[in-house]
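Novice: attaching a predicted model along with its sequence, questions to come.
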Protein chains: 2
Amino acid sequence: MTPRATIKDVATVAGVSVATASRALNDTGRMSQATRDRVQSVALELGYRRNSMARGLVQRRSFTIGLLTNDTYGRFTLPVAAGLSEAMVDRGVSVFLASTQDDPALARLTFEAMQEKCVDGLVIANRRLDRGIEIPTTATNIPTVYVMSACPEGAIGFNPDDVDGARVATQHLIDSGHRTIAHITGPEAFASSRYRVQGWQSALAGAGLTPWGPAIYGTWAEAHGFEMAKRLMGAGSATERPDAVFCGNDQIARGFIDGVTQLGLEVPGDVAVVGFDNWEIFAAATRPPLTTIDMGLIELGRRAGVTLLDKIDGKPVTPGLRHLPCDLVIRESCGARRLAPAS
Amino acid sequence: MTPRATIKDVATVAGVSVATASRALNDTGRMSQATRDRVQSVALELGYRRNSMARGLVQRRSFTIGLLTNDTYGRFTLPVAAGLSEAMVDRGVSVFLASTQDDPALARLTFEAMQEKCVDGLVIANRRLDRGIEIPTTATNIPTVYVMSACPEGAIGFNPDDVDGARVATQHLIDSGHRTIAHITGPEAFASSRYRVQGWQSALAGAGLTPWGPAIYGTWAEAHGFEMAKRLMGAGSATERPDAVFCGNDQIARGFIDGVTQLGLEVPGDVAVVGFDNWEIFAAATRPPLTTIDMGLIELGRRAGVTLLDKIDGKPVTPGLRHLPCDLVIRESCGARRLAPAS
DNA sequence: CTGAAAGCGCTTACAG
DNA sequence: CTGAAAGCGCTTACAG
């Protein structure tokens, strides 16, 4: 229960002033290497750990940032948080996790807490590109970046490039030889639904193909995909059915594949499927495993963090929304095989 | 870009000393209500926000805690973090999210960062009851509680009561009229697998029933359940097959149900299924929706937080591991219907 | 190359 | 009821 060593203790034991101890510990100032080494070894010996509250007070920097989010499931926030933390940890910056749970009152409370904690910056992570988090961020000038969120005028934001991701997904189906490609997705009210529809349409247009009917909006749930499998694949002759489906997320794709299987048809033989999200737990478990689009959320978090730090350090950062590229992850649901069978 | 107001600004404007301002703002000390009101309204007007670094420095309390975790998927940590945050936010305590990613070097780095930040306490959340996080927590005396983790001698821990949860699950199957109940679960190396096997056995023993074969260990994945469906249900006559299966997690249950469906059999008609985890995204999406066990992770997080705060405040806390009860969540996979059909 | 001193923004005995 | 002063543990001009 001995109180932890302070810089004063280190200075005393090392036989130097606190000023010198501070400089030795921070590798600043000029002094004999011998002195520096002595101070550092004393610090180690004493188990000295700098008090970042004291340091922060004088440097006007807390070396903390806040991650404000209202993503309850964590499907999106978790990878973002992982990338963010990773980018922060070796820069000595710690991350406050602040969940706002879609509750404006809680958001305000949380935001005030972040102000008291003197966070150097804020990452606002959402799960909808067309929604923000209700905080009175205006009243202050805490550097802020937005991730997977609506991005106010003049602010800095990082979103996945949904349009391009959808285009890549659809192009992959086209390249695999499919020609009648349907699209089943989430609610039309979601910006990401609409962006993905755009990408689907543009890939088809680029290949001179006609969409297989209009985009089929619904919910983001398995049940939607399952029902649509019955509707699209359960009636009509093979030529009337789509030969491929691009699904707006992996859950819909999962439901669709299950529905198709239940009809006695095969994926990708009778219909190819590409999903969106690369939610491993779904994508790897479908039968067959799902080819899908990865939004690069970890990278999104990392980039957001690095950019926030730049902004905090006063480096010039161009405002605006960045769209980071999505990646195609090929598994087995659209007929692409990594190994050609021996002939 | 005006710097934020300090307590000195508030004091000056209100025409009092900083000491009085501090007392007015903290609702401590004795003073005329008029003075207190005046100070507080000035603070509001100036948008004053207390600097918790300065406060922490003198009070030797940072009003922060650290959540150390190595649960990458976040399946377990997220609800725990949600419960924890919720319990902390209105006590003015903020939570650092610190992911250690199963990397001892990173864990050490993170732990040191938490020390520099002067966290008042630590929650160590894991995803295996039989594993800890490698940190040299010994060297310090930061109050610590463990969640879903191995709990060192003399420490405080909160785990779900796996044995009882499994017993409740099995008992529910028994109560629903099933007699030959198999158990498919994860790797034997996991403590939670073994606990759940215990619960399954004890419920059966209590009802004078014999287990349908030994527990079937495997992986925590859908594929394991899927394969076992083929093996258990795909051969033999109806009387040789189990009439119910308790699965060690929802993914296994999902795979099992899909396998059963694919055999042309029905759940719960031909075989009833109960899962474990209540991972909504799986449990609600199985066909039929899955009856399962909820580990009460949110409550686990809340309890851990409250207890940690007690410990930080110096209140007496009995060391040891607490097992919090699990809840049965009834859906449709074991034949229990909420409404009796009209006769 | 090194140290004495001021100061970051608070809280809290201590005095009156 | 209120204030002057010390001090929390650091960093950083300023001087030497």
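Specialist: Sure thing, it's come through.
Novice: mean confidence for the helix or strand encompassing residue A:164?
Specialist: For residue A:164, the host element (DSSP states H and E) is helix A:162-175. Averaging the model's pLDDT scores along helix A:162-175 yields 97.
Novice: for that helix, give me every contacting residue.
Specialist: Contact with helix A:162-175 is made by A:129, A:181, A:183, A:191-192, A:195-200, A:202-204, A:206-207, A:209, A:244, A:246, A:272, A:274, A:276, A:291-293, A:295, A:323, A:325-326, A:328, A:330, A:334, A:336, as judged by C-beta atoms under 8 Å, 6 or more residues apart in numbering or on different chains. C-beta: built from backbone N, CA, C; applies to glycine.
Novice: now with 6 Å, please.
Specialist: A:181, A:192, A:195-196, A:198-200, A:202-203, A:207, A:244, A:246, A:272, A:274, A:293, A:326, A:328, A:334 (C-beta atoms under 6 Å, 6 or more residues apart in numbering or on different chains).
Novice: list the buried residues for the helix or strand residue A:231 falls within?
Specialist: With secondary structure defined by DSSP H and E, residue A:231 is part of helix A:222-233. Within helix A:222-233, the residues that qualify as buried are A:222-229, A:232-233, counting by 16 or more other C-beta atoms under 10 Å in any protein chain shown.
Novice: next SSE after the helix holding residue A:164?
Specialist: With elements assigned by DSSP H and E, the helix or strand that comes after helix A:162-175 is strand A:181-184.
Novice: can you show me the CA trace of that next one as CSV?
Specialist: C-alpha atoms of strand A:181-184 as CSV (Å, rounded to 0.1, in the frame of the first residue of the first chain):
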residue,chain,number,x,y,z
ILE,A,181,-28.8,-10.2,-61.6
ALA,A,182,-31.4,-9.3,-59.0
HIS,A,183,-30.8,-7.2,-55.9
ILE,A,184,-32.4,-7.8,-52.5
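Novice: check the residue nearest to residue A:116 when sequence neighbours are not counted and give its pLDDT.
Specialist: With C-beta to C-beta, 6 or more residues apart in numbering or on different chains as the criterion, residue A:116 has its nearest non-adjacent residue at 4.5 Å, and that residue is residue B:52. For residue B:52, the pLDDT comes out at 95.
Novice: what does chain A put close to DNA strand D?
Specialist: Proximity of chain A to DNA strand D (C-beta under 7 Å from any atom of the strand) is limited to residues A:3, A:6-8, A:18-19, A:22-23, A:25-26, A:28, A:48-51, A:54-55, A:57-59.
Novice: going through those residues, which ones are buried?
Specialist: Buried among the residues of chain A next to DNA strand D by 16+ other C-beta under 10 Å: A:6-7, A:22-23, A:25, A:48-51, A:54-55, A:57.
Novice: which ones among the residues you listed map onto helices?
Specialist: When these are checked against helices (DSSP state H), the matches are A:7, A:22-23, A:25, A:54-55, A:57.
Novice: make CSV out of the residues you listed and add distance to residue A:105.
Specialist: Written out in CSV, the entries for these read as follows (distance: C-beta to C-beta, whole Å):
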residue, distance to residue A:105
A:7, 42
A:22, 43
A:23, 47
A:25, 43
A:54, 34
A:55, 34
A:57, 30
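Novice: quick one: which of these is nearest to DNA strand C?
Specialist: Proximity of these to DNA strand C (C-beta to the nearest atom of the strand) peaks at residue A:57, which lies at 3.7 Å.
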